[in-house]
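Asks: Coordinates for the following, if possible.
(4 chains)
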There are 2 protein chains.
Amino acid sequence: MTDQTTFKDFKKKALKKTDVKAAYDELAPAYAMKRKMIAMRKAKGLTQTDMAILLGTKKSNISRLESVISGASPRLATVESYAQALGFRMKIEFEAERPKDK
Amino acid sequence: MTDQTTFKDFKKKALKKTDVKAAYDELAPAYAMKRKMIAMRKAKGLTQTDMAILLGTKKSNISRLESVISGASPRLATVESYAQALGFRMKIEFEAERPKDK
DNA sequence: AAATAAGTTATCATAAAAGATAACTTTGTT
DNA sequence: AACAAAGTTATCTTTTATGATAACTTATTT
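Replies: Modelled structure (predicted):
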């Protein structure tokens, strides 16, 4: 049954990829932010468990927070404390949208 | 009773000011963001009622969202749709904290 | 390849934000 | 001064994020 297992895995990963892509296009700003967050954490050599301890929560919650797929929109305070725990300051900018060119 | 009224008003405003100051120091990033949001709205010549209609909500909620004093931390999605309704894109940045100099 | 660590996912409980309505205050206009 | 428009505040309801626990998958290490 090695074939089946392989196919199952393939399908699983394909779907995963599709979801990620959809989220990417739809939720671009949030996606970019989460990528940055993960990058910051890894740059400091910390695991999700480490972060959980720093923030006084559990690793599962960190995973969810960093998750791109989850449609959830975190609170500003949550992102801010995450950043601060890593020695970063959060900054929110607004840039004028380029007029959608046809 | 003109004196009492005056004093009451004075006290009221004094407290208000204190609260604002505290919020300012404590929640600096959120404060800066809200100031920007209000500025963007006014730049487009819109009232809170206008925004409420654009976002499908009520003016009281817009007031609360823009309120500096409210300790509340909005969701990213909320700020994002507010910005988008005004033709802006939200951008989250993280900058390394300067080592607290003593 | 077993064992351990890291990360994910699901579910439930709790806290907090957002929606609605209404009464109020401040600002602006005539 | 009277009126209207804009903004605020309080309260309640509904929705959603967050916390906690546990079972699971994926990656690392020995």
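Asks: Could you say which helix or strand holds the residue of chain A found nearest DNA strand D?
Replies: Per Cβ to the nearest atom of the strand, A:T78 is where chain A lies closest to DNA strand D, at 3.0 Å. Yep, even glycine has a C-beta here, placed from its N, CA and C like the rest. Assigning secondary structure by DSSP states H and E places A:T78 in helix A:76-85.
Asks: Listing partners with orientation, what would you give for the next helix or strand after that helix?
Replies: Proceeding N to C from helix A:76-85, the next assigned helix or strand is strand A:88-96, under DSSP H and E. Strand pairing for strand A:88-96, determined by DSSP bridges: strand B:88-96 (antiparallel).
Asks: Could you pull out the buried residues of the strand it pairs with?
Replies: Of all the residues in strand B:88-96, those buried under the rule 16 or more other Cβ atoms under 10 Å in any protein chain shown are B:F88, B:M90, B:I92, B:F94.
Asks: can you give me the helices in chain A?
Replies: A:2-26, A:28-43, A:48-55, A:59-66, A:76-85 (DSSP state H).
Asks: What is the burial count for A:Y82?
Replies: Using other Cβ atoms under 10 Å in any protein chain shown, A:Y82 has 22 other residues around it.
Asks: Can you tell me the closest non-neighbouring residue to it?
Replies: Nearest residue to A:Y82, sequence neighbours excluded (Cβ to Cβ, 6 or more residues apart in numbering or on different chains): A:M37, at 6.1 Å.
Asks: Dump the buried residues of strand B:88-96 to a markdown table, plus distance to A:T49.
Replies: As requested, these are arranged in a markdown table below (distance: Cβ to Cβ, whole Å):
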| residue | distance to A:T49 |
| --- | --- |
| B:F88 | 37 |
| B:M90 | 30 |
| B:I92 | 24 |
| B:F94 | 21 |
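Asks: For A:Q48, state which of these is nearest.
Replies: A:Q48 has its nearest neighbour among these in B:F94, at 17.8 Å by Cβ to Cβ.
Asks: Now do the closest residue to that closest one other than its chain neighbours, the pLDDT please.
Replies: Counting by Cβ to Cβ, 6+ apart, A:F88 is the residue found nearest to B:F94 once chain neighbours are left out, at 4.2 Å. pLDDT, A:F88: 96.
Asks: pretty sure A:F88 is touching B:R98, no?
Replies: No. Using Cβ atoms under 8 Å, A:F88 makes no contact with B:R98, being 11.1 Å away.
Asks: Would stretch A:45-57 count as contacting chain B?
Replies: No. If you take Cβ under 8 Å from any Cβ of the partner chain as the test, stretch A:45-57 misses chain B, and the best it gets is 14.4 Å.
Asks: I'd assumed A:T49 was in contact with A:S63.
Replies: No. Using Cβ under 8 Å as the test, A:S63 is too far from A:T49 to be in contact (9.9 Å).
Asks: residues contacting the closest residue to A:E93 other than its chain neighbours?
Replies: Leaving aside its chain neighbours, A:E93 sits nearest to B:K91 (4.2 Å; criterion: Cβ to Cβ, 6+ apart). By Cβ atoms under 8 Å, 6 or more residues apart in numbering or on different chains, the contact list for B:K91 reads A:P29, A:I92, A:E93, A:F94, A:E95.
Asks: Could you dump these into JSON lines and include pLDDT?
Replies: Output for those, formatted as JSON lines (pLDDT from 0 to 100):
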{"residue": "A:P29", "pLDDT": "79"}
{"residue": "A:I92", "pLDDT": "95"}
{"residue": "A:E93", "pLDDT": "94"}
{"residue": "A:F94", "pLDDT": "96"}
{"residue": "A:E95", "pLDDT": "94"}
